[in-house]
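Undergrad: below: sequence and its predicted model.
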Amino acid sequence: MPGSKCNVDPATPKSRTERLMKERNLRKLNRVFNLNEKAGDSLRDADLFSNDSALTETENCASLNEEELSEGVDGYERQDQRLPKQRLLVVANRLPVSAVRQGKDSWQLEISVGGLVSALLGLKEFDARWIGWAGVNVPDEIGQEALTKALAEKKCIPVFLDEDTVHQYYNGYCNNIIWPLFHYLGLPQEDRLSTTRSFQSQFDAYKKANQMFADVVHEHYEEGDVVWCHDYHLMFLPKCLKEKNSNIKVGWFLHTPFPSSEIHRMLPSRRDLLESVLAADLVGFHTYDYARHFVSACTRILGLEGTPEGVENQGKLTRVAAFPIGIDSDRFIRALELPQVQDHIKELKERFAGRKVMLGVDRLDMIKGIPQKILAFEEFLEENPEWRDKVVLLQIAVPTRTDVPEYQKLSSQVHEIVGRINGRFGTLTAVPIHHLDRSLDFHALCALYAVTDVALITSLRDGMNLVSYEFVACQASKKGVLILSEFAGAAQSLGAGALLVNPWNIAEVAASISQALNMPADEREKMHQHNFMHVTTHTSQEWAATFVSELNDTIIEAQLRTRQVPLLPVKVAVERYLQSNNRLLMLGFNATLTEPANTQGVRGGHIRELQSRLHPEIKETLKKLCDDRRTNIVILSGSDRAVLDDNFREYNLWLAAENGMFLRHSTGEWMTTMPENLNMDWVDSVKVNISHLKT
Ligand SMILES: O=P(O)(O)OC[C@H]1O[C@H](O[C@H]2O[C@H](CO)[C@@H](O)[C@H](O)[C@H]2O)[C@H](O)[C@@H](O)[C@@H]1O
Ligand SMILES: O=c1ccn([C@@H]2O[C@H](COP(=O)(O)OP(=O)(O)O)[C@@H](O)[C@H]2O)c(=O)[nH]1
């Protein structure tokens, strides 16, 4: 009988790997169904909580209904072969809501502002729960219980952090140390001494907070769940999770840039952070460059092997890849049709009639380059007096991390510059810069995006920058110009449809403003089309689905790898070895014969240029083997020739460098293994492509 538990399909998977593989195929099928269903969703209006899946009652019911339908063994025997939505535990420092206390046991929940929140609200195909800090101190039990209950309705689970932990972990270690460092701003200069002194206690608080997140995850974890950890706040979490349960599927995604290893190496905790992130199964970044930096930090600082797949440590591979985030573009496009947004648009058009509108939307953060932007606008006005009463810059600067001194300083600095420029170029009836120190609601923001002629994004560094995506999504009729910092991750996806600038070059930004304001309509249209296509096809749903499916696949592949490599029957191998007269031993070098990285890399607290070195305790045994006439040894390594020369010149063996590209006996010369008549015609076309990408 179909669907009956007694009638087990002969194809029912037996092993965990088979089960996972079958699950993978069904999940792919499921995605197609979900995509089709999405078309039916598209008329829903844009209210955040009542419509977005991770948080709604309705979708919760939908997934329950699906579960009721799937009565077969592990859900495999349903006739339509659809799986219930996969359970996903999203763990991020912040919940997508902030809580405001109304009374002893009542809370009001408000949507939090930020790119991560906006992107994750687009998740539709998972049965997602959110675990995070509600952004408020709740010391009493009554308050904690009431808040937990209120949040449960939104499928959110709180982690309660006390005030001191928040201060040391969030304000201190996260936002005063990792955040500036990952954005190439170094460690805070003026407070350097106190920062250094308090570094250890802040790092301890960071680890403690990460363990608190892990405890809540464990409490709610069910077998098969995917746990997706987010951002620099939770770099310790993968390790905490795997230590307790190595079977948990753990992914970690960084929303900020990952800096060059030269920058990362400044962190006193550089090793601990890398090691714990590597406990994850899959590690994701917005761009290929960030992923590359991470792998090279692991190679140089931990001495591990970087492969095209990721980072390998003692046979365990951590997959590392780029997953550029997107937005829920439909939500923005649909919002523009709403009457309240249309009203806003009308008001704004009347208010700024006769003037071109330039827009900046940023959290008031050092990385967003707000002072640089305003100074460039000043230079533009200075050089183009004819534009002074014809253009206005609207700068929305959302207050953020207001307890951190650096952010307080930035706020005063920006106010001072805006005041000066408005004093200089303003008239009795109009000022050139409207600066708002607050956030806007979603509808007001959409209206603003829609009436903008030029969006100006001058981040000094930015993981991605979703504002640029949102602007493009709302520009279908206006086709305005995007001026975008080359240091934002978004420059890699929207660069071809934007004017790219170096925000530190004020003159260049000022010239780009002029170019954007004077750009002919056909050129604007072409650039807009390019970006609009990208933004509407690379959505947040697509991003999340790709990441989770890659994570599922990574786990299956890891299992297949371990299954395919049988354990060496040591006793038999030793017997045969002793019997044989002509032996060939092929040995790896890195992580096989090398000294452990933690002893070789660090000398007197300094990191040397890391170079793999033969483990001293192996030298004698290796020498004996090499001197045995019956044994031939080949060292097969990814390292280059010089490294192998340095380590093995005294041994009687064969060396294969760069994964076999070069070969030599230690007494002979290097030779290449590349056949002379190999067809190399393809090289020229690759060179052309690379030089094209460089320009
Ligand atoms: O929660 P806050 O401390 O107020 O900060 C808000 C978020 O800022 C960061 O956003 C990053 O994520 C975006 C989406 O991937 C990306 O476009 C942007 O470039 C990043 O700056 C931070 O990483 C989040 O964790 C914060 O919630
Ligand atoms: O008044 C505002 C200003 C900004 N945002 C949102 O904040 C996010 C900013 O994300 P981005 O990636 O640009 O930078 P982040 O602030 O995460 O560093 C975007 O989704 C904006 O829609 C908002 O909701 N209200």
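TA: Sure thing, it's come through. Residues are numbered from 1 along each chain as shown. Ligands and ions are numbered 1, 2, ... in the order given.
Undergrad: R292: what's it in contact with?
TA: Neighbouring residues of R292 by C-beta atoms under 8 Å, 6 or more residues apart in numbering: there are none. Backbone N, C-alpha and C define where each C-beta goes, glycine included.
Undergrad: what residues sit buried inside the helix or strand containing it?
TA: In this structure, R292 sits in helix 288-302 according to DSSP states H and E. Within helix 288-302, the residues that count as buried by 16 or more other C-beta atoms under 10 Å are 290-302.
Undergrad: out of those, which is nearest to I483?
TA: Proximity of the buried residues of helix 288-302 to I483 (C-beta to C-beta) peaks at Y290, which lies at 22.8 Å.
Undergrad: ok, the closest one touching L254?
TA: Yes: Y290 lies in contact with L254 (C-beta atoms under 8 Å); the separation is 6.9 Å.
Undergrad: circling back: can you add pLDDT and give the buried residues of helix 288-302 back as CSV?
TA: Output for these, formatted as CSV (pLDDT from 0 to 100):
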residue, pLDDT
Y290, 98
A291, 97
R292, 96
H293, 97
F294, 97
V295, 96
S296, 94
A297, 96
C298, 95
T299, 91
R300, 90
I301, 93
L302, 92
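Undergrad: which of those are close to ligand 1?
TA: Among the buried residues of helix 288-302, proximity to ligand 1 is found for none (C-beta under 6 Å from any ligand atom).
Undergrad: re earlier: common neighbours of Y290 and L254, please.
TA: By C-beta under 8 Å, 6+ apart, the residues touching both Y290 and L254 are G463.
Undergrad: list the contacts for E658?
TA: 638-641.
Undergrad: can I get those residues in a markdown table including secondary structure?
TA: Output for these, formatted as a markdown table (DSSP: H, G, I helix; E, B strand; the rest coil):
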| residue | secondary structure |
| --- | --- |
| G638 | coil |
| S639 | coil |
| D640 | coil |
| R641 | helix |
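Undergrad: just the buried subset of those residues, please.
TA: 638-639, 641.
Undergrad: could you dump the residues you listed into a markdown table and include pLDDT and distance to S612?
TA: Shown next, in a markdown table, are these (pLDDT from 0 to 100; distance: C-beta to C-beta, whole Å):
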| residue | pLDDT | distance to S612 |
| --- | --- | --- |
| G638 | 83 | 10 |
| S639 | 85 | 6 |
| R641 | 93 | 13 |
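Undergrad: reformat those residues as a markdown table; add distance to ligand 2.
TA: Listed next are these as a markdown table, based on distance: C-beta to the nearest ligand atom, whole Å:
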| residue | distance to ligand 2 |
| --- | --- |
| G638 | 37 |
| S639 | 39 |
| R641 | 45 |
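Undergrad: so for the residue in the stretch 251-400 of the chain positioned nearest to ligand 2, what's the pLDDT?
TA: Nearest to ligand 2, among the residues of the stretch 251-400 of the chain, is R363, at 4.2 Å (C-beta to the nearest ligand atom). If you check R363, the pLDDT there is 95.
Undergrad: just A54 next, same as before
TA: For A54, pLDDT reads 34.
Undergrad: start at 35 instead
TA: All set: I'll call the first residue 35, so the last point we hit is now A88.
Undergrad: now the contacts of E692 as CSV including distance to ligand 1?
TA: Shown next, in CSV, are these (distance: C-beta to the nearest ligand atom, whole Å):
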residue, distance to ligand 1
G672, 33
S673, 36
D674, 36
R675, 41
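Undergrad: output stretch 434-448 as PDB, nothing but the C-alphas.
TA: Taking Å, rounded to 0.1, in the frame of the first residue of the first chain, the C-alpha atoms of stretch 434-448 are listed here in PDB:
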ATOM      1  CA  THR A 434      24.400  52.100  15.100                       C
ATOM      2  CA  ARG A 435      26.700  50.700  17.900                       C
ATOM      3  CA  THR A 436      26.200  54.000  19.700                       C
ATOM      4  CA  ASP A 437      28.000  52.800  22.800                       C
ATOM      5  CA  VAL A 438      31.300  52.400  21.000                       C
ATOM      6  CA  PRO A 439      33.400  55.600  21.300                       C
ATOM      7  CA  GLU A 440      34.600  55.500  17.700                       C
ATOM      8  CA  TYR A 441      31.000  55.600  16.500                       C
ATOM      9  CA  GLN A 442      30.200  58.600  18.700                       C
ATOM     10  CA  LYS A 443      33.200  60.500  17.300                       C
ATOM     11  CA  LEU A 444      32.100  59.800  13.800                       C
ATOM     12  CA  SER A 445      28.700  61.200  14.500                       C
ATOM     13  CA  SER A 446      30.100  64.500  15.600                       C
ATOM     14  CA  GLN A 447      32.500  64.600  12.700                       C
ATOM     15  CA  VAL A 448      29.700  64.100  10.200                       C
END
